[in-house]
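Asks: What follows is a predicted protein model with its sequence.
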Amino acid sequence: MKTELILQALEAKHPGEHEYLQAVKEVLLSIEEVYNEHPEFEKAALIERLVEPDRIFTFKVPWVDDRGNVQINLGYRVQFNNAIGPYKGGIRFHASVNLSSLKFLGFEQTFKNALTTLPMGGGKGGSDFNIRGKSNAEVMRFCQAFILELWRHIGPDTDVPAGDIGVGGREIGYMYGMYKKLARENTGTFTGKGLEYGGSLIRPEATGFGGIYFVVNMLKTKGLDIKGKTISISGFGNVAWGAALKATELGGKVVTISGPDGYVYDPQGISGEKIDYMLELRASGEDIVRPYAEKYGVEFFEGKRPWQQKVDIALPCAIQNELDEHDAQTLIDNGVTCVAEISNMGCTAEAVDLMVEKGILFAPGKAVNAGGVATSGLEMTQNAMHLQWSAEEVDAKLHQIMNNIHEQCVRYGTQANGYINYVKGANIAGFMKVAHAMMAQGIV
């Protein structure tokens, strides 16, 4: 595989799409050796086909605000790869949404979904619509307008969207309600639905729960336990909440959460009613964490990220590239044991390279945060079977899936010196499944 030539061609074809190009480069560098062991991949131009999405839908979303003014946003759906199942990936509503970020997320989703072993392809979608400050009526009208354009291109066996940043149970409900009306069918086309109409138990917690299950397995490779460990978490939404809940349940002590305004440091630990308060903060729509510091009398660091604190475990749970090389060095200097991305590509490439070079236990989002989409896959299964499993059943299946993903990473990522390169392991494991599926189905 001529990695540099492929990357140069992509950069020329897609200039300025930094997140997407970063994600592709990370995967290509990881799989180069195993790819070259399969000359049939080269003959089929497999990489050239894999790095480009199957199709992209871009559309305008006109909607009317509460003052009667017409607003226009852009909507997207990137259907990246369906070699192993229907396209599957979240919808993100955030001012930062652009084509590059969605292509990166769809590309990552393809391998993440392959790691779960469930039959799901990769996709992603969203809009530059900013949820902050919008009324329920405005959110509903926007969601309905968004689906009015997208509904023809999704379906239970075609493309199954889910939630993401800015898209929770409320937004899924509005979109699914509109889809159901237009498609005249009641199927599992969306995941993250309410329990009253086909949702799965523990889905809101699943990404955080799965991330902690993965971290526990990472620690075991060093003979360590999460019990008694101090943990730094970024974000304060569903992912961070689920991670804080499970980490605390297993005996860890979460000492930070963060938002766009800065971060909170609570040396006594974020547990009990404090974890419940995270949900109140998110539901407020203000997108800030300062009120936590004011309510519980702890320190707030305005405009800062939580990686300056001395902790045993650091868990990015917010957004891509939120932990850079300087942050990584600070964590290493402070004696961090384990860093795991529960957000998608939460660390910059330079930060990842530094942690791997220094032998830190580090694992990428496509492995660590796969519990969310895995539980979405379990929701799809429940919908297809027209039943609902108990929380214990779903959690047991989630736990097993995360254990299996960890085993795949160890299998493909263990180096001669015994260090487990989880980045390489996750990329190769996901790639090999997708590659074999694509080869079996011909040049299509």
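Replies: Right, received. Where do you want to start? Computed from a predicted model, the values in this text were never measured in an experiment.

Asks: What is the longest helix that the chain contains packed up against?
Replies: Criterion DSSP state H: the longest helix present in the chain is helix 391-413. For helix 391-413, the packing partners by 3 or more C-beta pairs under 8 Å, 6 or more residues apart in numbering; DSSP states H and E come out as helix 203-220, helix 365-368, helix 370-385, helix 422-440. Where C-beta positions appear, they are placed from N, C-alpha and C, glycine not excepted.

Asks: 10 Å instead, please
Replies: For helix 391-413, the packing partners by 3 or more C-beta pairs under 10 Å, 6 or more residues apart in numbering; DSSP states H and E come out as helix 18-35, helix 99-115, helix 203-220, strand 361-363, helix 365-368, helix 370-385, helix 422-440.

Asks: List the buried residues for that helix?
Replies: The neighbour-count check on helix 391-413 (16 or more other C-beta atoms under 10 Å) flags 394-395, 397-398, 401-402, 404-406, 408-410, 412-413 as buried.

Asks: ok, those vs Met120, which is closest?
Replies: Taking C-beta to C-beta as the measure, Met120 lies nearest Ile401 of the buried residues of helix 391-413, at 11.9 Å.

Asks: list the contacts for the closest residue to that closest one other than its chain neighbours?
Replies: Leaving out its chain neighbours, the residue that sits closest to Ile401 by C-beta to C-beta, 6 or more residues apart in numbering is Ala374, at 4.6 Å. With contact taken as C-beta atoms under 10 Å, 6 or more residues apart in numbering, Ala374 is in contact with 112-113, 115-118, 120, 206-207, 210, 394, 397-398, 400-402, 404-405.

Asks: My guess is Tyr265 contacts Ala293. True?
Replies: Yes - assessed by C-beta atoms under 10 Å, Tyr265 is found in contact with Ala293 at 8.4 Å.

Asks: joint contacts of the two?
Replies: Common neighbours of Tyr265 and Ala293 (criterion: C-beta under 10 Å, 6+ apart): Glu299, Phe300, Phe301.

Asks: Tell me which of those fall in strands.
Replies: Members of those lying in strands (criterion: DSSP state E): Glu299, Phe300, Phe301.

Asks: Out of those, the closest to Leu195 would be?
Replies: Closest approach to Leu195 among those (C-beta to C-beta): Phe300, at 35.0 Å.

Asks: What separation do you get for the closest residue to the closest one other than its chain neighbours and Leu245?
Replies: The shortest distance from Phe300 to any non-neighbouring residue, by C-beta to C-beta, 6+ apart, is to Ala293 (3.6 Å). Per C-beta to C-beta, to the nearest Å, Ala293 is found 20 Å from Leu245.

Asks: As PDB, could you dump the C-alpha coordinates of stretch 333-352?
Replies: Presented in PDB, the C-alpha positions along stretch 333-352 are these (Å, rounded to 0.1, in the frame of the first residue of the first chain):
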ATOM      1  CA  ASP A 333       4.400  14.100  34.000                       C
ATOM      2  CA  ASN A 334       1.700  13.700  36.700                       C
ATOM      3  CA  GLY A 335       1.900   9.900  36.600                       C
ATOM      4  CA  VAL A 336      -1.300   9.000  34.700                       C
ATOM      5  CA  THR A 337      -1.700   5.200  34.300                       C
ATOM      6  CA  CYS A 338      -4.400   5.000  31.600                       C
ATOM      7  CA  VAL A 339      -6.000   7.300  29.000                       C
ATOM      8  CA  ALA A 340      -9.000   6.100  27.000                       C
ATOM      9  CA  GLU A 341     -11.100   8.000  24.500                       C
ATOM     10  CA  ILE A 342     -14.800   7.700  25.300                       C
ATOM     11  CA  SER A 343     -15.400  10.600  22.900                       C
ATOM     12  CA  ASN A 344     -14.700  10.100  19.200                       C
ATOM     13  CA  MET A 345     -11.000  10.800  18.400                       C
ATOM     14  CA  GLY A 346     -10.800  12.800  21.600                       C
ATOM     15  CA  CYS A 347      -7.000  13.100  21.400                       C
ATOM     16  CA  THR A 348      -5.000  14.800  18.700                       C
ATOM     17  CA  ALA A 349      -2.700  12.600  16.600                       C
ATOM     18  CA  GLU A 350       0.400  14.100  18.300                       C
ATOM     19  CA  ALA A 351      -1.100  13.300  21.700                       C
ATOM     20  CA  VAL A 352      -1.700   9.700  20.700                       C
END
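
Asks: what residues are up against the residue most central in space within the chain?
Replies: The chain has Asn344 as the residue nearest its centroid, 4.4 Å off, counting by C-alpha atoms, centre = their mean. The neighbourhood of Asn344, defined by C-beta under 10 Å, 6+ apart, consists of 19, 23, 90, 92, 101, 104-105, 108-109, 112, 124, 164-165, 239, 316, 318-321, 364-366, 368-369.

Asks: ok, 6 Å please
Replies: Contacts for Asn344 (C-beta atoms under 6 Å, 6 or more residues apart in numbering) come out as Leu105, Glu108, Gln320, Gly365.

Asks: Ok, Ser127 next?
Replies: Ser127 makes contact with Asn73, Gly75, Phe93, Val97 under the criterion C-beta under 6 Å, 6+ apart.

Asks: Mind listing the residues bridging to it?
Replies: Assessed by DSSP bridges, Ser127 has beta-bridge partners Gly75, Phe93.

Asks: quick one: it from Tyr76, how far?
Replies: Going from Ser127 to Tyr76 by C-beta to C-beta gives 7 Å.

Asks: Equivalent analysis for Asn238, please.
Replies: Asn238 sits 22 Å away from Tyr76, going by C-beta to C-beta.

Asks: Ok, Ile84 next?
Replies: Taken as C-beta to C-beta, the span from Ile84 to Tyr76 is 23 Å.

Asks: Leu118 now?
Replies: Remark: distance between Leu118 and Tyr76 (C-beta to C-beta) = 24 Å.

Asks: for Ala240, same thing?
Replies: For Ala240, the distance to Tyr76 - C-beta to C-beta - is 26 Å.
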